[in-house]
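Q: sharing a model that was predicted from the sequence below.
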Amino acid sequence: MQRLTPQLRCLVLSACNTAAQADTLLANVPCFLGMQDAIPDDTAIRCCTGFYSALASGEPLSMAFAAARDEVYGTS
């Protein structure tokens with residue numbers, strides 16, 4: 001992972017209970033998106049769709065994260 005660090009800006013682990021790895025991963029990458037608990041597959045798909053759609057639209061990582069969170073919690 002350290003060889004990728006200069007290029008890697010964000011790491012997305014689209015799997016349940018991945019937040020436990022956050023401390024270790026954040027030592028190597030500036031941004032990490034993971035799940036703290038188990039979530040249904042359809043919610044995970046909505047989360048990733050919101051995140052990647054925002055990035056593809058040119059939004060910064062912070063706004064992409066907000067879009068992902070909105071998809072999970074149903075906020076706008």
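A: Thanks, I have it.

Q: how about the residue nearest the centre of the chain, phi and psi?
A: Residue closest to the mean C-alpha point of the chain, counted by C-alpha atoms, centre = their mean, is Leu33 at 2.6 Å. Reported as degrees, to the nearest 10, the phi and psi values for Leu33 are phi -120, psi 120.

Q: and what of the one 10 residues further on?
A: Reported as degrees, to the nearest 10, the phi and psi values for Thr43 are phi -70, psi -40.

Q: any idea how far it is from Thr24?
A: Taking C-beta to C-beta, to the nearest Å as the measure, Thr43 falls 25 Å from Thr24. Every C-beta, even on glycine, is put in place using the N, C-alpha and C of the backbone.

Q: give me the more crowded residue out of these two.
A: Neighbour count, other C-beta atoms under 10 Å: between Thr43 and Thr24, Thr43 has more, with 15 against 10.
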